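1. I need the structure of the sequence given here:
(one chain, ligands or ions: 1)
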Amino acid sequence: MQSTMMNYPLTLPHILDRAARLYSHVEVVSRMPDKSLHRYTYGEFYRRSRALSEALLKAGLNRGDRVGTLMWNHYTHLETYFGVPCAGGVLHTLNLRLSPADIAYIINHAGDRFLIVDDVLLPLLEKFKDQINVERIIAVPLTRRSVPDGYDNYEDFLAQATGKFTYPALDENDPLGMCYTSGTTGRPKGVVYSHRALVLHTLAAGLADMLGLTQRDTVLPVVPMFHVNAWGIPFVAAMAGAKMVLPGPHLDPASLLELFEHEQVTCSAGVPTIWFGILQALDKNPGGWKLIPGMRMIVGGSAAPEAMIRAFDKHNLRVVHAWGMTETTPLGVVSHLKANMDHLPEDEQYAYRAKQGVQAPFVDIRAMNEQGEIPWDGKSMGELQVRGPWVAASYFNNAEAQESWTEDGWFRTGDVVTIDPEGYVKITDRTKDLIKSGGEWISSLDLENALMSHPAVAEAAVIAVPHPRWQERPLAVIVRKPNAEVSREELQSYLAPKFVNWWLPDDYVFVEQIPRTSTGKFLKSVLRDQFRDHVLSRVE
Ligand code: ADP
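-> Reported below is the predicted structural model:
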C-alpha cells in the first residue's frame, strides 16, 4: 500500500512567497556602515530577492553554481540568502574574518562562479583578488551610489529584472547553500546544505522550545550571516514573520545596546564574547538602556558560563544556551528548563540552563567512549555523535575527512560530553582540548566555568601542559577584570571546594587577552604552543 499524500518538495521559495503574502508589512531594519538605519518591508525584500534570482539567471547562472558572499549582516545579504537559492544557485557565505589566503582557498575550493561583495569589504577582496578565478564580481554600494571600476553594481544588476519571473523547478535535495568550518582545527572543510535540510531545520528551529520565534518577535542576529546561516535565524524569522534587525558592521556593546533599545528587540543571538561585552556595559551603566524585559539571548558557539546566565538574569535578560556546528546547520541541542524542573532549587535550575540542552526533534544523539555508548547518567564522558536530516553526511570534495563519520553513519562531533537522565547534554571539552591526566579526563570547560564565576576573573582558558609523571596537567590562563586583583593561591582556594583535588590546575598564568578564532572561540592550540615549556609550579 502507498500513502495518499502529495509529494510536495521542501524548498525555499515557499518560505519566501508565504512571507510576502502574509507579512509584507513587517520591517527589516539594517544598520549601515555610516551608522544610519535602512528600513524596508518584507514586501520590498521579496521583490528584490526575486529580482536577484531573475538577474542571476539572466547572467547565466546554472543549477548548482556557487555564488559567494563577502558581506556583513544587512538587507542585501538577506536578499542573497533567498535570491541565490530560489534561482537554483548555491549561496556560499564567506567568513570575512579569515586571512585573505584562507578566503581565497575557500573560494577556489568551492569553485565560486559569482561573488557579491560589500563595497566596504572591497579592500579585503583586493588582497586576494589575484589568487581567485571568478567570472563576475558584483559590488554592493552601501556607502555611495557608485562602485569602483571593474565591478558590477548590485543595484544595476537588480535593475535588469522585469519581475516576470517563475522559480525554476527545484528538487528538495538540490543544494541550497554552503559554509566552510571556521577551521579551529585544521583546514576549513565545506558543508553543502540542501533545501530539504534547511527547510526541516527551519521548522524545528522555530519551535517554542528551540528558538521560539513568532511574528510578534523582533530578532537581531549578532551572529554573522557568514557563519552557519546566522544559525538559521534569517530563515526562521522569514517563516515566522518576525521583524529582523541586522546590525551591519557595528558589533560593539554600545552600538548593539542602542539598537536593542531603539528597535525594541525581543530576541538576539551571538557567541559568548559578544555577551561578555554587553554584560560589562550593563554592569557599568545599569538602566542605561530600556530593553524589553525578558529579552532572550541565544548563546552558542562556545559555552555560556553559568555566571553569565545568572548575571543577565539580574538585568532581566534571559540567556538560552544552544549547541551546534557548521556540520549540523547548526542547531543540535537547545537548553530550556522542562516544566518538571520549575520546583527545583535555583542552583539546580542554573546548572541545567548552563548545559547545552536537549536534542532537537529529529537529531539523534549518543556519546561513545572506548567501551561503547555511555549511559545517560550525567557523569560518564564520551564523544558526542549525531545524525539527522540536517546533519552533514560528508564534506565537499574532501574524501580524507571521511573519518569524521562512524561506520554506522553517525557524525563524530569531536566534542566530549556527558548526558544526564533528563537528556541534557553538557559539553566538557573538545577531543583535541581534553586534558588527560594519568589516564583520566579532566574537563577544561568545567574548570573555566568555575573560574569565570570568580568576581575578579574576566576570562579563563584551561589547557593541557605536558607533564613527566601524569602525561598532562591543567594550566589555567586567566584574564583579570579591569582593575581587579587576584592571586594564584586565591583562585586555587576558590576552586578547591568545587572539584576533586587532582582536577585542580597545577598552575595559573595571567595574560592580557586570550587568542580567539575568527568566530570568537578560544584558540587553545595557540595557548598550548605558547605554554608548552611552561614549568608548572603546583599551587597548594
Ligand atoms: P569550528 O568547528 O570550525 O570551530 P563551528 O562553528 O562549526 O566551527 O564550531 C562548532 C563547535 O563549537 C562545536 O563542535 C563545539 O566545540 C563548539 N560549540 C558550539 N556551541 C557550543 C556551546 N554552546 N558550548 C560549548 N561549545 C560549543
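
2. Please state the offset of stretch 472-481 from the chain centre?
-> Put simply, stretch 472-481 sits 25 Å off its chain's centre (C-alpha atoms, centre = their mean, to the nearest Å).

3. pLDDT of it, averaged?
-> Averaging the model's pLDDT scores along stretch 472-481 yields 94.

4. Identify the residues contacting it?
-> If you take C-beta atoms under 8 Å, 6 or more residues apart in numbering as the criterion, stretch 472-481 is touched by 435-437, 442, 444, 447, 451, 455-467, 486, 491, 503-514, 527, 531, 534, 536. For the C-beta atoms, the positions are set from N, CA and C on the backbone; glycine is no exception.

5. Among those residues, name the ones in helices.
-> By the criterion of DSSP state H, membership of the contacts of stretch 472-481 in helices covers 444, 447, 451, 491, 527.

6. Report the two of those separated the most.
-> Largest separation among the ones in helices among the contacts of stretch 472-481 by C-beta to C-beta: 491 and 527, giving 17.0 Å.

7. How about residue 333, nearest residue that isn't a chain neighbour?
-> Of all residues not flanking residue 333 in the chain, residue 357 sits nearest, at 4.2 Å (C-beta to C-beta, 6 or more residues apart in numbering).

8. Could you count how many residues lie near that neighbour?
-> For residue 357, the neighbour count with other C-beta atoms under 10 Å is 24.

9. And for residue 173?
-> Using other C-beta under 10 Å as the criterion, the residues surrounding residue 173 number 13.

10. Next secondary structure element downstream of the helix or strand harbouring residue 84?
-> Using DSSP states H and E, the secondary-structure element containing residue 84 is helix 75-86. Following helix 75-86 in sequence order, the next helix or strand is strand 90-93 (DSSP H and E).

11. Any regions of the chain where pLDDT drops low?
-> Low-confidence regions of the chain, defined here as pLDDT under 70, cover residues 183-186.

12. which bits of it sit near the ligand?
-> With C-beta under 6 Å from any ligand atom as the criterion, the chain comes near the ligand at residues 181-184, 228, 300-303, 321-326, 356, 413-415, 427, 430, 519, 521.

13. Strands - which of these land there?
-> The members of the residues of the chain next to the ligand that map onto strands under DSSP state E are 321, 322, 323, 324, 413, 414, 415, 427, 430.

14. Quick check: the fifth one touching residue 383?
-> Translated: residue 413. Yes. At 6.9 Å, residue 413 counts as touching residue 383 under the criterion of C-beta atoms under 8 Å.

15. These two: which has the busier surroundings?
-> With other C-beta under 10 Å as the criterion, residue 413 and residue 383 differ in neighbour count, and residue 413 comes out ahead with 24 against 21.

16. quick one: contacts for that one?
-> Going by C-beta under 8 Å, 6+ apart, residue 413 touches 325, 327, 328, 383, 384, 385, 386.

17. same check, this time on residue 274
-> For residue 274, the contacting residues are 222, 251, 253, 256, 520, taking C-beta under 8 Å, 6+ apart as the criterion.

18. Buried residues of the helix or strand where it lies, list them for me.
-> Secondary-structure assignment from DSSP H and E places residue 274 in helix 272-284. Along helix 272-284, these residues count as buried under the neighbour rule (16 or more other C-beta atoms under 10 Å): 272, 273, 274, 275, 276, 277, 278, 279, 281, 282.
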